[in-house]
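In: please work out how this folds:
(2 chains)
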Number of protein chains: 2
Amino acid sequence: MLMAQADQPTPLKGLFAPSAVAIVGASRKEGKIGYSILRNVIDSGYGGELYPINPNEDEILGRRCYASLADCPGPVDLAVIAVPAAAVAAVAEECGCQGVKSLVVITAGYKEIGREGLAREKELLATVRRHGMRMLGPNCLGLMDTHTPLNASFAAGFPLKGDIAFLSQSGAVCAAILDWSLSVGLGFSKFVSLGNKADLTETDFIRDAALDTYSKVILCYIEDVVDGEAFLETARQVGARTPVVILKSGSSQAGARAASSHTGALAGSDLAYEVAFSQAGVLRARTMEELFDLAIAFTTQPLPVGDRVGIVTNSGGPGIIATDAVEARGLKMAELARETVEALRQGLPPTASFYNPVDVIGDADDRRYDFALSHVLADPGVDSVVCLLTRPAVINPALVARAIVARRREHPAKPVVAAFLGGENVAEASRELVAAGVPCFSFPERAVTALSGLARYRGFRERDREAHHPLTVKGVDRGRAAAALDRAREDRRVVLLADETMEVMRAYGVAVVPSGLARGPEEAVVLAKQLGYPVALKVASPQILHKTDFGGVRLGIKSPKETMQAFFEIVEDTQRHLPRASIYGVEVQKMMPPGTELIVGMSRDVHFGPLLMFGLGGIYVNLFRDVSFRLARGLTWGEIEAMLADTKAFALLKGYRGKRPADVDAVIDTLGRVAALVLDFPEIAELDVNPLFAYERGEGVCALDVKITLSE
Amino acid sequence: MLMAQADQPTPLKGLFAPSAVAIVGASRKEGKIGYSILRNVIDSGYGGELYPINPNEDEILGRRCYASLADCPGPVDLAVIAVPAAAVAAVAEECGCQGVKSLVVITAGYKEIGREGLAREKELLATVRRHGMRMLGPNCLGLMDTHTPLNASFAAGFPLKGDIAFLSQSGAVCAAILDWSLSVGLGFSKFVSLGNKADLTETDFIRDAALDTYSKVILCYIEDVVDGEAFLETARQVGARTPVVILKSGSSQAGARAASSHTGALAGSDLAYEVAFSQAGVLRARTMEELFDLAIAFTTQPLPVGDRVGIVTNSGGPGIIATDAVEARGLKMAELARETVEALRQGLPPTASFYNPVDVIGDADDRRYDFALSHVLADPGVDSVVCLLTRPAVINPALVARAIVARRREHPAKPVVAAFLGGENVAEASRELVAAGVPCFSFPERAVTALSGLARYRGFRERDREAHHPLTVKGVDRGRAAAALDRAREDRRVVLLADETMEVMRAYGVAVVPSGLARGPEEAVVLAKQLGYPVALKVASPQILHKTDFGGVRLGIKSPKETMQAFFEIVEDTQRHLPRASIYGVEVQKMMPPGTELIVGMSRDVHFGPLLMFGLGGIYVNLFRDVSFRLARGLTWGEIEAMLADTKAFALLKGYRGKRPADVDAVIDTLGRVAALVLDFPEIAELDVNPLFAYERGEGVCALDVKITLSE
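Out: Numbers count the residues shown, from 1 in each chain, chains lettered A, B, ... in the order given. So this is what the prediction gives:
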């Protein structure tokens, strides 16, 4: 686990807290990026050495200018580079030679502009790596650290000091968040514009922020991740201590297209991101607004111990709206203790509501509101509280705000959020709440959404605290599987034949239907006898994935005579329908008793690797899409169980409407074995077990048909 | 269809534009409701006669006071009543005698406080009805009309003049919306606090607003509807001309409980509301924020002719975020014409994006932005445009705002919405846009949500323009069905026996399995012979709904001997399991060939009447819940088709994966007949046809099992 240690520098200390900074390309012209950066560094109050580099100037903004890095009077930790793209490589080379350890390359004109830029970016990266430097960018706004303090960016403005670390793949989103934070008074620890992420990526900055002792929550806007495996691993470790909230765009088909034209990112399928974030314990914000609201909640509130929400309101309508939101966001309405209800009944007028949501009604003053709040907050069945206020005739919003702040101090372990409705009439009171660390929103729904983020994160943490059983599967013969895969490869096939897939599955201990490949009718009869009638015959041809469509399958064959006849028919039918298909023979399979039809599959995601699928099989796969997904990497037995439970098919397996329960353990075991297989063999691009028959408890499973496709 | 006619008064003109208003309970004490109302009427600039009524005062706020209505020097159109609850009935009586036509009863203490209050409310309503008056309230804030102008409420503040009619069942939500509208500068035509809705309801006010010539959109916050049938009918008519946007709370289980304790509303199931709103063409807002945003969109923008959205942005990230939102909200990203792309390529720098979203990139000034916008707006494949701006170094937001306003005028038929990101830096420009009628939001997602509301409403309108085939079914023998229902009622049963349900279905022309009731084994044998073997035998007992659970069913009986034996076994098994069940005999049914198993059902909603259900039948009903719903009232054949298409089962019916298509027409016909049946017989509380077998096209359907429950 990552642990922050106050006395140890974080890996990226050289970027965020350098002793000396050089601005390469510093300019005296207002409006120029090289001017803005220098001005920002100075304005931020940076206390280290500062060297503007510009061979044509003696002095800018009162600072002595240097012709080159070599001319600087002392060592340089960080070079911020804002020279034209064609000159960057030479500057980077010089930085390397001069012992500079960290670069921020502001300059654009790299992979985001196409092939030429990509080549330039590769060259730059090679220089950086050769000298053992680290680089942010290119094509970024720069970075800021409010604790150093240092504003090494050309953004307009510097955030307030605070405890949110923010990373953004979009400079525009960076700027928007900065502006917004200033308008609402929210503080940040660091601000990073990731740019093209040629060297340092979101994963590096997430890891660093988790170690920096002053970042309480890590907020990200990203369009892709560079290294899915490293991201997963880091996010999992960081998430155990520091919440990570990510707005990941490009979730739509069209959005993904826009992403690749924007940053040249090879956007992965959104499904893999969804699964990865959930498995890694990363909170995904759905909108910019939610990203903001979650940031506020995490920096000001403790994590609730449970999902039970209490609501105090001075009007019915907003109370009902908030109640709806509580259930819609997966939280629960707290059931107040009898004592609480009794106390409220004693102290509130008879027309008030003593149950949750507690409505002190419109003629309440701040004391009545405070009375109700104190009892609701103290109720042991309440894990968090939403305070609603509508501007009414008699109540003083500022006094209610103060009451909320005071009561909250008595229960520091319970999150308290507020929504004050009333525009300008409650603006002052809202500001007072926010200043005292109680998030105050203009709508009830947003207050509840903020709470639900805290609860979701707590859920992730609890899940991660539970005993993890790492995936180890026994009885695996890796060499045997490799041999089968090799046969296909030697044969220049990307699709395995049935006997090969069955061999691979057997090698990994997956129960498969007894079968064999018959090259001629007599061989088929011998095999059928060995397997025992009835049998099924299926054409074996690498060109035919959907055998039934071409008369390539015969089921329920009961005698040697029928076997012979079926063999001939299959070969004839196939040749007639697909004259160019090469026929390797006919697969003879034992007919298995019917079980619950399941599907187990895998497709390989470009960012996160093997993505496993489980669900109901047979004809309903495509109709109901009752399937669930998990990334194979880092998968645990517990997660596989959860994967089953995510589907409606799970109800069938547990014994639906009087049916006897199926062998769930065997299904879980099969998924674990498939996960091990696809992790061991990266060349397996896709895999489908459809159907997998699940039998009654103790009777196991059986893979009836398995397709394996290799990457080209 | 409702048509606004400028020269004709609306039905509620007496409430909104009275010639003379009396304030009964006017007070001189600041802080008193009777003071606030009088003050508000005066401050709103009301130009008619105003009579404060208070026997203890001569004059309040410079207005002469009268001891009673009878003392007023002229006739009173509207009486606003703010006296204690105990005195209201007498005042209402006096109003009636004095010829007052409209009442606004502000006073609380009615059904919202329980039994005693409910009785008081009934008495009040009786008085109102006896005198032919109309009443808003009791227990409300009052009403406002900015065009009269009149503020007959005790709310603090008066909205700006505009074209949004707003109705609210919650006074607090009323106040919140009022405050918010003032802070953003949005205008309203009327504001109605509905209160307890004892006489006038949301439906009356929706109908009236649609006729008032100055309300362009009707906005509602409600917790229930009083008369579902009238609401549906009115909303349908109004929706064809004026958009109706409703935030309906109490959608959650817990929310519904809060609703009934708050206003004493008998909250219907949220599902019925969802279906009713959709069928009536009412837009449902999910949050208060969405309600606001849709109001802004509808009052400022035309309806788009299609779903295709163009996006212009000066930064990539927000463009991608908006693109995601476009797809998430059911809109489509426009594909720009080749000419548009070419023009953009000519006029924009090479690193810009010429495809949708069009990104003029960060160094753009307002002219470049305007250039791109002009081409995107003019593209015939673009139905609406989202303008995004991130505060950058060089662009002037105010100039961009002006460009948007100017370009929009060139294309008045296309909605244009904006999102300017940048807090205080873009605040002035945002205000300029809003003032010029271009909604400007602080986040891209909200801009897209506003657009999607316009598109959804257009969809409703288009649907309603399509030819409606009203539900008329032929071959119905109503008397025969009534006779079967009567038999059960005479027998004091609420559950019909199989032979009765089959009789009812046959009377309505629904194809049912041939069957008959056998009272003894010999009768069973005779019936079986008539029907033809194989047959099924099922116990007939009003106490047994789930026959299979008690050994009450035998299938696949092939001979007289088996029939006799099955009869005895069924009776014995049933008597052993349920000794107190009365057994009416055994139902003998022909065994039908298997078809696609469907379910058709009906449950009666307390507000909206019969709610039909259609979906996949058999064991999957509860597992996949692949069902869709429609209200029977006002249903059309087209809607029934859409109801089928809403389910995944529809793919099965159309011929899934090589299966032959089922007799969809017969399924639709069956649903129409069931709708007719449950509309004809309000005493049918619930009905289930499960399974309904659907056969191949042309072969019809067959109801295998039908349950009918009557209301007690």
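In: pretty sure residue A:686 contacts residue A:602?
Out: Yes - assessed by Cβ atoms under 8 Å, residue A:686 is found in contact with residue A:602 at 6.6 Å. Any C-beta I mention is one placed from the backbone N, CA and C, and that applies to glycine too.
In: neighbour count: those two, which is higher?
Out: residue A:602 (25 against 17; other Cβ atoms under 10 Å in any protein chain shown).
In: name the helix or strand for the residue lying closest to that one once chain neighbours are set aside, please.
Out: Excluding the flanking residues, the one nearest residue A:602 by Cβ to Cβ, 6 or more residues apart in numbering or on different chains is residue A:687, at 4.3 Å. Per DSSP states H and E, residue A:687 falls inside strand A:684-694.
In: check which helices and strands that strand is in contact with.
Out: strand A:596-605, helix A:664-680, strand A:701-703, strand A:706-710 (3 or more Cβ pairs under 8 Å, 6 or more residues apart in numbering or on different chains; DSSP states H and E).
In: quick check, pLDDT for residue A:3.
Out: Looking at residue A:3, its pLDDT stands at 48.
In: what do you get for residue A:409?
Out: The model's pLDDT for residue A:409 equals 95.
In: again with the one 3 residues further on
Out: In this model, residue A:412 is scored at 95, pLDDT.
In: pretty sure it is touching residue A:300, no?
Out: No - using Cβ under 8 Å, residue A:412 is not in contact with residue A:300, being 11.6 Å away.
In: thinking again about what came up before, identify the bridge partners of the residue nearest to residue A:602.
Out: residue A:602, residue A:708 (DSSP bridges).
In: which regions of chain A lie under the pLDDT threshold?
Out: A:1-8, A:251-269, A:392-393, A:465-468, A:544-550, A:619, A:657 (pLDDT under 70).
In: for residue A:302, see how far away the residue in the stretch 201-350 of chain A that chain B sits nearest to is.
Out: For the stretch 201-350 of chain A and chain B, the shortest gap (Cβ to the nearest Cβ) falls at residue A:317, measuring 2.5 Å. Applying Cβ to Cβ, to the nearest Å, the value for residue A:317 to residue A:302 is 30 Å.
In: okay, those two: which has more neighbours?
Out: residue A:317 (33 against 15).
In: wait, what's in contact with that one?
Out: B:168-173, B:221, B:223, B:249, B:262 (Cβ atoms under 8 Å, 6 or more residues apart in numbering or on different chains).
In: helix, strand, or coil at residue A:183?
Out: What DSSP: H, G, I helix; E, B strand; the rest coil gives for residue A:183 is helix.
In: is the residue lying farthest from the centre of chain A in a helix, a strand, or coil?
Out: Using Cα atoms, centre = their mean, the residue of chain A lying farthest from its centre is residue A:561. It sits 57.5 Å away. Assigned with three-state DSSP, residue A:561 falls in the helix class.
In: coming back round to it: just the ones in strands from the contacts of residue A:317, please.
Out: B:168, B:221 (DSSP state E).
In: buried members of the contacts of residue A:317 into PyMOL, please.
Out: Of those, the buried ones can be selected in PyMOL as follows, counting by 16 or more other Cβ atoms under 10 Å in any protein chain shown:
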select buried, chain B and resi 168+169+170+171+172+173+221+223+249+262
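In: ok, and which of the contacts of residue A:317 reach chain A?
Out: Subset of those in contact with chain A: B:168-173, B:221, B:223, B:249, B:262, counting by Cβ under 8 Å from any Cβ of the partner chain.
In: now the longest helix seen in chain A, how far from the centre of its chain.
Out: Ranked by residue count, the top helix of chain A under DSSP state H comes out as helix A:444-465. The chain centre lies 15 Å from the centre of helix A:444-465; the measure is Cα atoms, centre = their mean, to the nearest Å.
In: what is the helix or strand following it packed up against?
Out: Following helix A:444-465 in sequence order, the next helix or strand is helix A:478-490 (DSSP H and E). Where contact means 3+ Cβ pairs under 8 Å, 6+ apart, helix A:478-490 is packed against helix A:498-507, helix A:664-680, strand A:706-710.
In: let's have those in a markdown table, adding mean neighbour count and distance to residue B:636.
Out: Output for these, formatted as a markdown table (neighbours: other Cβ atoms under 10 Å in any protein chain shown; distance: least, Cβ to Cβ, whole Å):
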| stretch | mean neighbour count | distance to residue B:636 |
| --- | --- | --- |
| helix A:498-507 | 22 | 52 |
| helix A:664-680 | 22 | 46 |
| strand A:706-710 | 20 | 46 |
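In: is it possible to export these to JSON lines including distance to residue B:425?
Out: Output for the helices and strands packed on helix A:478-490, formatted as JSON lines (distance: least, Cβ to Cβ, whole Å):
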{"stretch": "helix A:498-507", "distance to residue B:425": "60"}
{"stretch": "helix A:664-680", "distance to residue B:425": "50"}
{"stretch": "strand A:706-710", "distance to residue B:425": "53"}
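In: fine by me, we can end here.
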